[in-house]
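Colleague: Quick one: sequence and predicted model below, then my questions.
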Amino acid sequence: MSSKEKYREEVMPGAEVIAVVGPTACGKTRRAVEIAGAFDGEIISGDSRQVYRGMDIGTGKDLKEYGDIRYHLIDIADAGDKYNLHRFLTDFRKAKADILEREKLPVLCGGTGMYVEAALSGLVMPEVERNEKLRSELSGKSLEELTEILRQYKTLHNSTDVDTRERALRAIEIQHYYDMHPEEAEAADRSSARPLRSIVIGLDIPRDARRAGISRRLDARLEEGMIDEIRSLIDGGVDPEDLIYYGLEYKFVTLHVIGRLSYEEMRRQLEIAIHQFAKRQMTWWRGMEKRGIPINWLPYDMEYGDFIENVHKLLKNHQK
């Protein structure tokens, strides 16, 4: 019996999915690949932007890291599209079922806390269509005014809901739909969902190391051609406002490409924004633990053998 077969025999009964989480630039992809390689698994991306074709450098797809490990939910939508949580959950369930049917271990890898937590919680969401009448009524509202309107609907746990005017509009649209359809809102409530049998591995990285890693990676992406990538997307017909909607690298580099920020301004503002994003990610993961999904934190720089052994123990203990 091979090591992969032995691991699969030992761990498959215990967990429907293993998730790898942590802040940006902590090495989630590499660790997810190591887990998938050791335990005969396949990776499901839990990143809200890696779904888009042609958005490679800015989203950090790092496809070369996967080697022969099969992956899912990467490059499944066109740049400029508005992929959302409902679509992710539908696609996640299909990918997970497919992987389990082939007796592989699903490894959910991601930095989009809302996506990962919703998937692990077993959340089922209705599809909410655009409400043109509501959008027309809100057309003259500023982002600040839209944020206040959204606060009347719900407590804002997720600041990405109001990163841009379009995101705020969409969040209001969804909450308005739930008000009109309380039965579907109840179905979308996490408290009524069936959580998956999951094990969550968190990569614990010290603040200084995280900040240094973010700065190194930003410079590497700029050197790899991130500006040319975004210029190519615009030249190919993607509306700059759609790229700005995606936030972070695509927001600030697009503003540079269309002449609204100098290179120095873009580089400085983007670095600050990524550091802030990493802090929000950690806030989300800590909140996810408080909301009932435990995270097993392991050092981000743990040696491969020690890391896999720790994951193995967690998987075996999960069956008890």
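Modeller: Nice, I can see it.

Colleague: Show the residue spans covered by the helices in the stretch 101-250 of the chain.
Modeller: Applying DSSP state H, counting those that start in this stretch to the stretch 101-250 of the chain gives helices spanning 113-120, 132-137, 143-153, 165-180, 182-187, 207-224, 226-235, 240-245, 248-257.

Colleague: For stretch 272-285, give the mean pLDDT please.
Modeller: Mean pLDDT, stretch 272-285: 95.

Colleague: on that earlier part again, between the helices of the stretch 101-250 of the chain, which has the poorest mean confidence score?
Modeller: Averaging pLDDT over each of the helices of the stretch 101-250 of the chain singles out helix 182-187 as the lowest, with a mean of 72.

Colleague: Pretty sure Val20 sits in a strand.
Modeller: Yes: assigned with DSSP: H, G, I helix; E, B strand; the rest coil, Val20 falls within a strand.

Colleague: Tell me the confidence at it?
Modeller: Per-residue pLDDT puts Val20 at 98.

Colleague: now do Lys320
Modeller: For Lys320, pLDDT reads 57.

Colleague: got TSV for the helices of the stretch 101-250 of the chain, with distance to Val107 too?
Modeller: Bear in mind the C-beta positions are built from the backbone N, C-alpha and C, glycine included. Formatted as TSV, the helices of the stretch 101-250 of the chain follow (distance: least, Cβ to Cβ, whole Å):
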stretch	distance to Val107
helix 113-120	12
helix 132-137	38
helix 143-153	34
helix 165-180	29
helix 182-187	28
helix 207-224	22
helix 226-235	27
helix 240-245	29
helix 248-257	24
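
Colleague: any chance of these in JSON lines, plus mean neighbour count and distance to Arg194?
Modeller: What follows is the helices of the stretch 101-250 of the chain, written out as JSON lines (neighbours: other Cβ atoms under 10 Å; distance: least, Cβ to Cβ, whole Å):
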{"stretch": "helix 113-120", "mean neighbour count": "23", "distance to Arg194": "11"}
{"stretch": "helix 132-137", "mean neighbour count": "10", "distance to Arg194": "32"}
{"stretch": "helix 143-153", "mean neighbour count": "14", "distance to Arg194": "26"}
{"stretch": "helix 165-180", "mean neighbour count": "18", "distance to Arg194": "20"}
{"stretch": "helix 182-187", "mean neighbour count": "12", "distance to Arg194": "12"}
{"stretch": "helix 207-224", "mean neighbour count": "15", "distance to Arg194": "34"}
{"stretch": "helix 226-235", "mean neighbour count": "18", "distance to Arg194": "39"}
{"stretch": "helix 240-245", "mean neighbour count": "18", "distance to Arg194": "33"}
{"stretch": "helix 248-257", "mean neighbour count": "23", "distance to Arg194": "33"}
